[in-house]
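> Sequence and computational prediction follow.
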Amino acid sequence: MTRLLLVSMILTVLGAIKLPIEHDLAVSHRQENFRGVEFNLDLREKLGQLGFVAALSGFRSIVADGLFIQAHVAWEQTEWGRVLLLFRQVTTLQPRSILFWDMAAWHMAWNASVAAMNDQTQPRLSLRVKAQREYFALGKDFLERGIKNNPDRPQLYESMARLYKEKYKEHERASEFFAKAAVLPGAPRYDRRFSAYELSYCEGREREAYERLRQLYDEGEKERLPTLITRLKFLEDKLEIPQDQRIPAKER
């Protein structure tokens, strides 16, 4: 009875200690915006022992920074598979770091995709193109998950817009993401312009693009930049806007 009582007392004390720690961890995970991250064996396999322990403690930032440095070294050595693995670990540990998501997407959709397309060991163009588009998709996946974890920050929406513009050549989608960035707190003024620029390249949406560009033009000199003037004049010609409604000829 004495031993049983002692064990019961130990368990009670441990439970009392454990509860506030678990509560603090839960609050920390919510504050860090660990959306959709389950601390289970699957995550343990992805992060390794050190990363998994870090995810359950206050050392996430330190471990993530160390892995980020390793990813940079792997990039210098063009070890794309290792770069991908390390950035998956880094972004899992620090999902609220815009830099990590952005760098991960850049390495995949820009650096790795170019390397795949220029791979001299692969003589078949079709396979190089396939590998290139797979890296595009990996970059897109990083940005999608980054946005999910940081829906209130404009930077990753801008990066997604650039991905659609430069890699997929999908101007409509690029316009959409620049527009999403533009309405968020802290977004730069150019997001509105870029959204209108991209829309001006979309067949069938010229009228909408013209109205948005003209609205920007009418806001004053700060918005009357060379690209805006060029795209606006192009749309005036294409839509056959009456001469008396066009911007002054000197703006050409």
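On my side now, so go ahead. These figures come from a predicted structure and were not determined experimentally.
> going forward, measure contacts between C-alpha atoms and count neighbours the same way
OK.
> other SSEs contacting the helix or strand where residue 126 lies?
Assigned by DSSP states H and E, residue 126 falls within helix 125-149. If contacts are counted by 3 or more C-alpha pairs under 8 Å, 6 or more residues apart in numbering; DSSP states H and E, helix 125-149 sits against helix 98-106, helix 113-117, helix 155-166.
> Can you list the neighbours in contact with the last one?
Residues outside helix 155-166 that contact it (C-alpha atoms under 8 Å, 6 or more residues apart in numbering): 98, 101-102, 109, 140, 143, 146-147, 170-171, 173-178, 180-181, 187, 191, 198.
> ok, now the shortest one?
Applying C-alpha under 8 Å, 6+ apart, the contact partners of helix 113-117 are 125, 128-129, 131-136.
> Repeat the analysis, applying 7 Å as the threshold.
With C-alpha atoms under 7 Å, 6 or more residues apart in numbering as the test, helix 113-117 has contacts from 128-129, 131-132, 135-136.
> how about these in TSV, adding neighbour count and pLDDT?
Output for these, formatted as TSV (neighbours: other C-alpha atoms under 10 Å; pLDDT from 0 to 100):
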residue	neighbour count	pLDDT
128	21	97
129	16	97
131	19	97
132	23	98
135	26	98
136	25	98
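> thinking again about what came up before, out of the helices and strands packed on helix 125-149, flag the one nearest residue 60.
Closest to residue 60 of these is helix 98-106 (C-alpha to C-alpha; 13.2 Å).
> returning to that earlier point: name the residues of the helix holding residue 126 that are buried.
For helix 125-149, a neighbour-count test (16 or more other C-alpha atoms under 10 Å) marks 128-129, 131-149 as buried.
> who's in contact with that helix?
Residues from elsewhere that reach helix 125-149 (C-alpha under 7 Å, 6+ apart): 33, 35, 95-96, 101-102, 104-106, 108-109, 112-114, 116-117, 122, 156, 160.
> That one: how far from the chain's middle?
12 Å (C-alpha atoms, centre = their mean, to the nearest Å).
> how far off helix 98-106 does that helix point, in degrees?
Per axes from the mean of the first three to the mean of the last three C-alpha atoms, to 10 degrees, the angle that helix 125-149 makes with helix 98-106 is 160 degrees.
> Fine by me, thanks again.
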